[in-house]
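1. Need a 3D model of the following:
(one chain, ligands or ions: 1)
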Amino acid sequence: MTEVSVAKEDKAATDELVVLKSVNKHFGALHVLQDIDLTITRGEVVVVIGPSGSGKSTLCRTINRLETVDSGSIAIDGKPLPAEGKELARLRADVGMVFQSFNLFAHKTVLENVTLGQVKVRKADGKKAEEKARALLDRVGVGAQADKYPAQLSGGQQQRVAIARALAMDPKVMLFDEPTSALDPEMINEVLEVMKQLARDGMTMVVVTHEMGFARSAANRVVFMADGRIVEEATPDQFFSNPRSDRAKDFLSKILHH
Ligand SMILES: Nc1ncnc2c1ncn2[C@@H]1O[C@H](COP(=O)(O)OP(=O)(O)OP(=O)(O)O)[C@@H](O)[C@H]1O
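-> This is a model prediction of the structure:
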(Lines give C-alpha, C1' and ligand atoms only; values in the text may rest on other atoms or scores of the structure.)
Protein backbone atom coordinates (compact mmCIF):
# COMPACT_ATOMS: atom_id res chain seq x y z
CA MET A 1 0.00 0.00 0.00
CA THR A 2 2.68 2.47 1.02
CA GLU A 3 4.83 1.43 -1.92
CA VAL A 4 2.03 2.14 -4.37
CA SER A 5 1.42 5.64 -3.04
CA VAL A 6 5.17 6.44 -3.12
CA ALA A 7 5.38 5.30 -6.74
CA LYS A 8 2.45 7.57 -7.59
CA GLU A 9 4.10 10.55 -5.93
CA ASP A 10 7.32 9.89 -7.83
CA LYS A 11 5.42 9.81 -11.10
CA ALA A 12 3.69 13.08 -10.29
CA ALA A 13 7.03 14.65 -9.42
CA THR A 14 8.67 13.64 -12.71
CA ASP A 15 5.70 14.85 -14.76
CA GLU A 16 6.18 18.35 -13.41
CA LEU A 17 8.76 20.03 -15.61
CA VAL A 18 8.52 23.69 -14.62
CA VAL A 19 7.28 24.68 -11.19
CA LEU A 20 6.96 28.29 -10.04
CA LYS A 21 5.90 28.85 -6.46
CA SER A 22 4.84 32.18 -4.97
CA VAL A 23 6.96 34.17 -7.40
CA ASN A 24 6.97 37.91 -6.84
CA LYS A 25 8.75 40.60 -8.78
CA HIS A 26 8.76 44.39 -8.74
CA PHE A 27 10.07 46.93 -11.20
CA GLY A 28 10.42 49.84 -8.77
CA ALA A 29 6.93 50.43 -7.37
CA LEU A 30 5.28 48.24 -10.01
CA HIS A 31 4.38 44.80 -8.67
CA VAL A 32 4.76 43.07 -12.02
CA LEU A 33 4.43 39.45 -10.85
CA GLN A 34 2.19 38.84 -7.86
CA ASP A 35 2.28 35.48 -6.09
CA ILE A 36 2.60 33.45 -9.26
CA ASP A 37 2.05 29.70 -8.84
CA LEU A 38 2.39 27.81 -12.10
CA THR A 39 3.16 24.18 -12.85
CA ILE A 40 3.91 23.02 -16.38
CA THR A 41 3.67 19.32 -17.03
CA ARG A 42 5.91 17.43 -19.42
CA GLY A 43 4.53 17.59 -22.97
CA GLU A 44 2.08 20.35 -22.16
CA VAL A 45 1.59 23.44 -24.34
CA VAL A 46 0.67 26.44 -22.22
CA VAL A 47 -0.30 29.68 -23.92
CA VAL A 48 -0.09 32.83 -21.81
CA ILE A 49 -2.39 35.64 -22.87
CA GLY A 50 -3.57 38.90 -21.37
CA PRO A 51 -3.64 42.65 -21.84
CA SER A 52 -0.52 44.61 -22.68
CA GLY A 53 1.63 45.20 -19.61
CA SER A 54 0.07 42.39 -17.57
CA GLY A 55 3.44 40.69 -16.98
CA LYS A 56 3.42 37.91 -19.59
CA SER A 57 6.90 38.56 -20.96
CA THR A 58 8.30 39.02 -17.49
CA LEU A 59 6.80 35.70 -16.43
CA CYS A 60 8.33 34.00 -19.45
CA ARG A 61 11.76 35.55 -18.81
CA THR A 62 11.55 34.62 -15.15
CA ILE A 63 11.30 30.92 -15.98
CA ASN A 64 14.96 30.80 -16.88
CA ARG A 65 15.96 33.71 -14.68
CA LEU A 66 16.67 36.17 -17.43
CA GLU A 67 14.80 38.26 -14.87
CA THR A 68 15.65 38.01 -11.22
CA VAL A 69 12.77 37.59 -8.78
CA ASP A 70 12.18 39.18 -5.38
CA SER A 71 10.80 36.05 -3.77
CA GLY A 72 9.51 32.60 -4.55
CA SER A 73 11.09 29.58 -6.20
CA ILE A 74 11.52 28.24 -9.73
CA ALA A 75 12.40 24.63 -10.46
CA ILE A 76 13.13 22.95 -13.79
CA ASP A 77 12.74 19.18 -13.89
CA GLY A 78 12.91 18.94 -10.12
CA LYS A 79 16.00 21.12 -9.74
CA PRO A 80 15.66 24.53 -8.08
CA LEU A 81 17.09 27.31 -10.24
CA PRO A 82 19.71 29.21 -8.31
CA ALA A 83 19.91 32.99 -8.75
CA GLU A 84 23.34 32.84 -10.39
CA GLY A 85 26.47 30.78 -11.04
CA LYS A 86 27.50 27.73 -13.09
CA GLU A 87 24.56 25.61 -12.04
CA LEU A 88 22.21 28.33 -13.33
CA ALA A 89 24.01 28.30 -16.70
CA ARG A 90 23.69 24.53 -16.87
CA LEU A 91 19.99 24.50 -16.01
CA ARG A 92 19.29 27.46 -18.28
CA ALA A 93 20.56 25.45 -21.24
CA ASP A 94 17.58 23.12 -20.67
CA VAL A 95 15.25 25.99 -21.47
CA GLY A 96 15.10 27.02 -25.12
CA MET A 97 14.13 30.62 -25.67
CA VAL A 98 12.70 32.24 -28.79
CA PHE A 99 12.11 35.98 -28.64
CA GLN A 100 10.21 38.49 -30.71
CA SER A 101 13.48 39.61 -32.33
CA PHE A 102 15.44 36.71 -33.70
CA ASN A 103 18.85 37.71 -32.29
CA LEU A 104 20.85 35.59 -34.74
CA PHE A 105 24.57 36.27 -35.07
CA ALA A 106 24.68 38.55 -38.13
CA HIS A 107 28.23 37.62 -39.16
CA LYS A 108 27.75 33.87 -38.93
CA THR A 109 25.93 31.72 -41.45
CA VAL A 110 22.62 30.11 -40.63
CA LEU A 111 24.39 26.78 -40.19
CA GLU A 112 26.99 28.30 -37.85
CA ASN A 113 24.23 29.95 -35.82
CA VAL A 114 22.66 26.56 -35.15
CA THR A 115 25.98 24.75 -34.60
CA LEU A 116 27.70 27.18 -32.23
CA GLY A 117 25.79 26.60 -29.01
CA GLN A 118 25.99 22.84 -29.34
CA VAL A 119 29.80 22.98 -29.55
CA LYS A 120 30.37 25.72 -26.95
CA VAL A 121 27.76 24.90 -24.34
CA ARG A 122 26.95 21.23 -24.92
CA LYS A 123 30.59 20.42 -25.90
CA ALA A 124 29.36 18.49 -28.94
CA ASP A 125 31.72 17.26 -31.65
CA GLY A 126 31.79 19.82 -34.51
CA LYS A 127 30.84 17.42 -37.27
CA LYS A 128 27.99 15.87 -35.30
CA ALA A 129 26.74 19.34 -34.34
CA GLU A 130 26.70 20.32 -37.99
CA GLU A 131 24.77 17.22 -39.02
CA LYS A 132 22.24 17.87 -36.31
CA ALA A 133 21.97 21.53 -37.33
CA ARG A 134 21.26 20.55 -40.95
CA ALA A 135 18.59 18.08 -39.85
CA LEU A 136 16.93 20.72 -37.65
CA LEU A 137 17.07 23.34 -40.40
CA ASP A 138 15.35 20.84 -42.71
CA ARG A 139 12.78 20.15 -40.03
CA VAL A 140 11.79 23.82 -39.78
CA GLY A 141 11.87 24.20 -43.58
CA VAL A 142 14.99 26.33 -44.09
CA GLY A 143 17.53 23.66 -44.99
CA ALA A 144 18.21 25.37 -48.33
CA GLN A 145 19.31 28.54 -46.50
CA ALA A 146 22.05 26.88 -44.42
CA ASP A 147 24.97 28.71 -46.01
CA LYS A 148 23.35 32.13 -46.16
CA TYR A 149 23.67 34.96 -43.64
CA PRO A 150 20.66 36.00 -41.53
CA ALA A 151 20.17 39.29 -43.39
CA GLN A 152 19.62 37.33 -46.62
CA LEU A 153 16.59 35.59 -45.09
CA SER A 154 13.03 36.78 -44.56
CA GLY A 155 11.87 37.47 -41.01
CA GLY A 156 9.85 34.25 -41.00
CA GLN A 157 12.87 32.26 -42.12
CA GLN A 158 15.09 33.91 -39.49
CA GLN A 159 12.60 33.09 -36.78
CA ARG A 160 12.56 29.45 -37.92
CA VAL A 161 16.37 29.44 -37.71
CA ALA A 162 16.07 30.82 -34.17
CA ILE A 163 13.74 27.93 -33.33
CA ALA A 164 16.21 25.42 -34.82
CA ARG A 165 19.02 27.03 -32.82
CA ALA A 166 17.08 26.64 -29.59
CA LEU A 167 16.15 23.03 -30.42
CA ALA A 168 19.79 22.19 -31.13
CA MET A 169 20.47 22.39 -27.41
CA ASP A 170 17.98 19.59 -26.70
CA PRO A 171 15.90 21.75 -24.39
CA LYS A 172 13.44 20.17 -21.99
CA VAL A 173 11.07 23.08 -22.46
CA MET A 174 10.75 25.79 -25.09
CA LEU A 175 9.69 29.32 -24.19
CA PHE A 176 8.31 31.55 -26.94
CA ASP A 177 7.92 35.24 -26.14
CA GLU A 178 5.72 36.81 -28.81
CA PRO A 179 7.57 34.95 -31.57
CA THR A 180 5.45 36.35 -34.40
CA SER A 181 4.92 39.95 -33.23
CA ALA A 182 7.78 41.35 -35.32
CA LEU A 183 6.83 39.47 -38.48
CA ASP A 184 5.01 40.65 -41.56
CA PRO A 185 1.50 39.11 -41.64
CA GLU A 186 2.28 36.69 -44.47
CA MET A 187 5.12 35.16 -42.45
CA ILE A 188 3.25 34.63 -39.21
CA ASN A 189 1.66 31.37 -40.27
CA GLU A 190 4.85 29.70 -41.39
CA VAL A 191 6.30 30.19 -37.90
CA LEU A 192 3.07 29.15 -36.16
CA GLU A 193 2.99 25.99 -38.28
CA VAL A 194 6.50 25.05 -37.09
CA MET A 195 5.38 25.65 -33.51
CA LYS A 196 2.24 23.55 -33.99
CA GLN A 197 4.35 20.71 -35.37
CA LEU A 198 6.64 20.95 -32.34
CA ALA A 199 3.61 20.76 -30.10
CA ARG A 200 2.38 17.68 -31.95
CA ASP A 201 5.83 16.14 -31.52
CA GLY A 202 5.36 16.41 -27.76
CA MET A 203 7.60 19.36 -26.90
CA THR A 204 6.77 21.10 -23.63
CA MET A 205 6.07 24.71 -24.53
CA VAL A 206 5.22 28.02 -22.91
CA VAL A 207 4.04 30.53 -25.48
CA VAL A 208 3.29 34.20 -24.87
CA THR A 209 1.29 35.36 -27.85
CA HIS A 210 -1.50 37.54 -29.14
CA GLU A 211 -2.34 34.89 -31.76
CA MET A 212 -5.64 33.61 -30.43
CA GLY A 213 -6.01 31.12 -33.31
CA PHE A 214 -2.81 29.45 -32.17
CA ALA A 215 -4.03 29.43 -28.56
CA ARG A 216 -7.29 27.80 -29.62
CA SER A 217 -5.74 25.15 -31.81
CA ALA A 218 -2.43 24.28 -30.13
CA ALA A 219 -2.76 24.98 -26.40
CA ASN A 220 -3.56 22.37 -23.79
CA ARG A 221 -4.07 25.18 -21.33
CA VAL A 222 -4.58 28.92 -21.49
CA VAL A 223 -3.16 31.02 -18.68
CA PHE A 224 -4.80 34.44 -18.56
CA MET A 225 -2.87 37.20 -16.82
CA ALA A 226 -3.94 40.67 -15.76
CA ASP A 227 -2.10 43.17 -13.56
CA GLY A 228 0.69 40.77 -12.67
CA ARG A 229 -1.59 37.94 -11.57
CA ILE A 230 -2.76 34.70 -13.06
CA VAL A 231 -6.46 35.44 -13.10
CA GLU A 232 -7.70 32.34 -14.81
CA GLU A 233 -6.47 29.02 -16.20
CA ALA A 234 -8.58 26.84 -18.46
CA THR A 235 -8.59 24.68 -21.55
CA PRO A 236 -8.84 26.80 -24.72
CA ASP A 237 -12.41 25.59 -25.29
CA GLN A 238 -13.47 26.61 -21.80
CA PHE A 239 -11.60 29.89 -21.88
CA PHE A 240 -12.77 31.15 -25.26
CA SER A 241 -16.38 29.99 -24.99
CA ASN A 242 -16.98 30.58 -21.32
CA PRO A 243 -14.41 32.75 -19.52
CA ARG A 244 -15.08 32.92 -15.79
CA SER A 245 -13.59 36.25 -14.77
CA ASP A 246 -14.78 39.72 -15.74
CA ARG A 247 -11.21 40.61 -16.72
CA ALA A 248 -11.07 37.76 -19.21
CA LYS A 249 -14.55 38.57 -20.58
CA ASP A 250 -13.50 42.18 -21.04
CA PHE A 251 -10.21 41.18 -22.70
CA LEU A 252 -11.90 38.78 -25.10
CA SER A 253 -14.66 41.17 -26.06
CA LYS A 254 -12.03 43.82 -26.88
CA ILE A 255 -9.85 41.60 -29.05
CA LEU A 256 -12.81 39.97 -30.78
CA HIS A 257 -14.15 43.38 -31.77
CA HIS A 258 -10.89 44.43 -33.40
N1 LIG B 1 13.03 46.22 -17.35
C2 LIG B 1 11.94 46.84 -16.94
N3 LIG B 1 12.00 47.92 -16.13
C4 LIG B 1 10.88 48.55 -15.70
N5 LIG B 1 9.63 48.16 -16.02
C6 LIG B 1 9.49 47.11 -16.82
C7 LIG B 1 10.63 46.39 -17.33
N8 LIG B 1 10.17 45.36 -18.11
C9 LIG B 1 8.83 45.44 -18.09
N10 LIG B 1 8.42 46.49 -17.32
C11 LIG B 1 7.01 46.85 -17.05
O12 LIG B 1 6.41 45.72 -16.44
C13 LIG B 1 5.05 45.59 -16.91
C14 LIG B 1 4.87 44.20 -17.50
O15 LIG B 1 5.65 44.09 -18.68
P16 LIG B 1 5.63 42.79 -19.57
O17 LIG B 1 6.50 43.08 -20.76
O18 LIG B 1 5.95 41.61 -18.76
O19 LIG B 1 4.10 42.75 -20.00
P20 LIG B 1 3.38 41.95 -21.15
O21 LIG B 1 2.14 41.42 -20.57
O22 LIG B 1 4.33 41.00 -21.78
O23 LIG B 1 3.03 43.12 -22.19
P24 LIG B 1 2.96 43.13 -23.80
O25 LIG B 1 1.78 42.28 -24.20
O26 LIG B 1 2.71 44.58 -24.11
O27 LIG B 1 4.27 42.63 -24.32
C28 LIG B 1 4.83 46.72 -17.91
O29 LIG B 1 4.17 47.76 -17.22
C30 LIG B 1 6.22 47.13 -18.31
O31 LIG B 1 6.26 48.49 -18.67
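
2. So for residue 165, what's the nearest residue that isn't a sequence neighbour?
-> Excluding the flanking residues, the one nearest residue 165 by Cβ to Cβ, 6 or more residues apart in numbering is residue 114, at 4.8 Å. Bear in mind the C-beta positions are built from the backbone N, C-alpha and C, glycine included.

3. Tell me which helix or strand that neighbour sits in.
-> Per DSSP states H and E: residue 114 is located in helix 110-120.

4. Could you do residue 237 as well?
-> Using DSSP H and E, residue 237 maps to helix 236-241.

5. Show me what that helix is packed up against.
-> helix 212-218, strand 221-226 (3 or more Cβ pairs under 8 Å, 6 or more residues apart in numbering; DSSP states H and E).

6. Tell me if the next helix or strand after the shortest one is near the ligand.
-> Using DSSP H and E, the helix or strand that follows strand 221-226 in sequence is strand 229-234. No - figure legend: strand 229-234 not in contact with the ligand (Cβ under 6 Å from any ligand atom); closest approach 11.5 Å.

7. same question, stretch 40-60
-> Yes - counting by Cβ under 6 Å from any ligand atom, the ligand is contacted by stretch 40-60 at 50, 52, 53, 54, 55, 56, 57, 58.

8. State the pLDDT value of residue 8.
-> Confidence at residue 8, expressed as pLDDT, is 48.

9. right, and the helices and strands packed on helix 236-241 - which one's nearest residue 172?
-> strand 221-226 (17.8 Å; Cβ to Cβ).

10. how far out from the middle of the chain is the closest one?
-> 14 Å (Cα atoms, centre = their mean, to the nearest Å).

11. ok, now stretch 30-37?
-> Relative to the chain's own centre, stretch 30-37 is displaced by 19 Å; criterion: Cα atoms, centre = their mean.

12. Also stretch 167-182?
-> 5 Å.

13. Need the distance between the two termini of it.
-> End-to-end distance for stretch 167-182, by Cα to Cα, to the nearest Å: 21 Å.

14. what comes up buried for that stretch?
-> For stretch 167-182, a neighbour-count test (16 or more other Cβ atoms under 10 Å) marks 167-169, 171-180 as buried.

15. do stretch 139-158 as well
-> 139-143, 145-146, 149-150, 153, 155-158.

16. Give me the contact list for it.
-> Residues from elsewhere that reach stretch 139-158, judged by Cβ atoms under 8 Å, 6 or more residues apart in numbering: 102, 104-111, 113, 133-134, 137, 160-161, 163-164, 167, 182-184, 186-188, 190-191, 194.

17. What ranges does the protein have for its helices?
-> With DSSP state H as the criterion, the chain has helices at 2-15, 56-63, 86-92, 110-120, 126-139, 155-167, 185-200, 212-218, 236-241, 246-256.

18. tell me the contacts of residue 19?
-> Counted by Cβ under 8 Å, 6+ apart, residue 19 has contacts 38, 39, 40, 73, 74, 75.

19. Same list, the buried residues of stretch 139-158, but as TSV with pLDDT and distance to the ligand please.
-> Listed next are the buried residues of stretch 139-158 as TSV, based on pLDDT from 0 to 100; distance: Cβ to the nearest ligand atom, whole Å:
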residue	pLDDT	distance to the ligand
139	95	28
140	96	24
141	95	27
142	97	26
143	96	32
145	97	29
146	97	32
149	97	29
150	97	24
153	97	25
155	95	18
156	96	20
157	96	24
158	97	20
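
20. Now the two most distant members of those residues.
-> 139 and 149 (20.8 Å).

21. pLDDT value on the closest residue to residue 79 other than its chain neighbours, please?
-> In this structure, residue 79 finds its nearest non-sequential neighbour in residue 91, 5.9 Å apart by Cβ to Cβ, 6+ apart. Confidence at residue 91, expressed as pLDDT, is 81.
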